[in-house]
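Trainee: What would the 3D arrangement of this be:
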Amino acid sequence: MAESQAFTITDLLAAATEILVSAAYKRVSDVEWERLLGSNSRVFEDPYGIVAVVAYDTWGDLSSRWVDAQGALVELISKYVKGSEPKAWEGYLVLLTPSILSGNAKQEAVEIRYDTSKVRKLVATAEELGSLVEDMQTVLLPVLPLTTLEVPPQASALDVLPRLLASRGIPREAVDVLVQGFSNHEPLMERLHAYRTKT
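Mentor: Residues are numbered from 1 along each chain as shown. Predicted coordinates:
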């Protein structure tokens, strides 16, 4: 299994910290947490959830030690968060490594991601972190506040749809044709076919 040299675990932690702090998370200091998991981990909270970020030098380290990190996070939440608080149920464990994974390790990463017992897990490896800041933002999307699209006053969803889909790489003209057809109660497939044969 090859290791990527593109980023260090310090780079990964710094990027995750910057993104979470800019999203109004506050870093939590806990001596017991730091004793258990060391300097390559951080804990953050906002009014709605708790996010623990742990970086490992290699996939082997992550694979063999993520359960310890999960246990420490559950213990931390149990110790400081009342069961009636909403964030008692919103614990996330973000597991990071600059490793490039083999086929078997990729399957294990998928299994960790889908294991929602105790806390939710987000796993990012070298494959997901090609562009550190942008890709880390994508990795952390499940814990970041929702952003809203700026919509002009009294705009309908159909007014916003072409711009929204164009930002996802769908040709704006094609969407405009479909929206116009929908508004005129015309068959959408015929409108789309006419557009495609014209272009």
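Trainee: Sticking with Val67, tell me its helix or strand.
Mentor: Per DSSP states H and E, Val67 falls inside helix 59-80.
Trainee: helices or strands up against that helix?
Mentor: Helix 59-80 sits against helix 31-37, strand 41-45, strand 50-55, strand 91-96, helix 103-114, strand 120-124, with contacts defined as 3 or more C-beta pairs under 8 Å, 6 or more residues apart in numbering; DSSP states H and E. The way it works is simple: take the backbone N, C-alpha and C, and place the C-beta from them, glycine included.
Trainee: most packed of the ones you listed?
Mentor: Of the helices and strands packed on helix 59-80, the one with the most neighbours on average (mean count of other C-beta atoms under 10 Å) is strand 50-55, at a mean of 26.
Trainee: quick one, it and helix 59-80 angle?
Mentor: 150 degrees (axes from the mean of the first three to the mean of the last three C-alpha atoms, to 10 degrees).
Trainee: shift numbering so it begins at 13
Mentor: Sure, I'll start numbering at 13, so the last one becomes strand 62-67.
Trainee: Describe which strands strand 62-67 pairs with in its sheet and in which direction.
Mentor: Partners of strand 62-67 in the sheet, by DSSP bridges, are strand 53-57 (antiparallel), strand 103-108 (parallel).
Trainee: Might you report the residue contacts of Leu156?
Mentor: Taking C-beta atoms under 8 Å, 6 or more residues apart in numbering, we find Leu156 in contact with 31, 35, 149.
Trainee: Cheers, nothing more for now.
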